[in-house]
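Novice: I'll drop the sequence and a predicted model, then ask my questions.
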Amino acid sequence: MAECRPLGFLIGLPFALVALILSLIGIVIWIIGTVFSCLCPCCSCFAGLANLAMSLIKLPIKIIRWFIEKFPC
């Protein structure tokens, strides 16, 4: 991302906004999964749910970086 690529950034913004909504849902899932995994540590599925939520939270940044890489300066 050291190079200037404003076109990829601008085109990626609508998709990043959709991903931002998904990341907000991911935050809620992460909180619920963390609470349940603390209450019942024998259920390993809640740890997987928390990992899925973390990937949803990181999604907007991944999308913006992907669009920026696709367009030349």
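Specialist: Alright, I've got the coordinates.
Novice: ramachandran coordinates for W30?
Specialist: The phi and psi values for W30, taken as degrees, to the nearest 10, are phi -60, psi -40.
Novice: burial of G12, as a residue count?
Specialist: Neighbours of G12 under the rule other CB atoms under 10 Å: 22. Heads up, the C-betas are built off the backbone N, CA and C, glycines and all.
Novice: residue contacts, it?
Specialist: I63, I64, W66, F67, I68 (CB atoms under 8 Å, 6 or more residues apart in numbering).
Novice: what strand or helix carries the fourth one?
Specialist: F67 is part of helix 59-70 when elements are defined by DSSP states H and E.
Novice: tell me the secondary structure for the residue located most distally from the centre of the chain?
Specialist: Most distant from the centre of the chain: C42, at 26.8 Å, with distances by CA atoms, centre = their mean. Of the three states, C42 takes coil under DSSP: H, G, I helix; E, B strand; the rest coil.
Novice: low pLDDT regions in the chain?
Specialist: Within the chain, the segments meeting pLDDT under 70 span 1-5, 73.
Novice: which residue ranges of it form helices?
Specialist: Secondary structure of the chain (DSSP state H): helices at 6-39, 45-57, 59-70.
Novice: how about the last one: buried residues?
Specialist: If you call a residue buried by 16 or more other CB atoms under 10 Å, then helix 59-70 has these buried ones: L59, P60, I63, I64, F67, I68.
Novice: the residue nearest to L7 when sequence neighbours are not counted: neighbour count?
Specialist: Sequence neighbours aside, F71 is the residue nearest to L7 in space, at 4.8 Å (criterion: CB to CB, 6 or more residues apart in numbering). Here the number of neighbours of F71 (other CB under 10 Å) works out to 14.
Novice: correct me, but F71 touches R65?
Specialist: No: counting by CB atoms under 8 Å, F71 sits too far from R65 to count as a contact (11.8 Å).
Novice: next one: C45 from A16, what distance?
Specialist: Going from C45 to A16 by CB to CB, to the nearest Å gives 30 Å.
Novice: and F71, by the same measure?
Specialist: Relative to A16, and taking CB to CB, F71 is found at 14 Å.
Novice: buried ones in stretch 18-34?
Specialist: Along stretch 18-34, these residues count as buried under the neighbour rule (16+ other CB under 10 Å): A19, S23, G26, I29, W30, G33.
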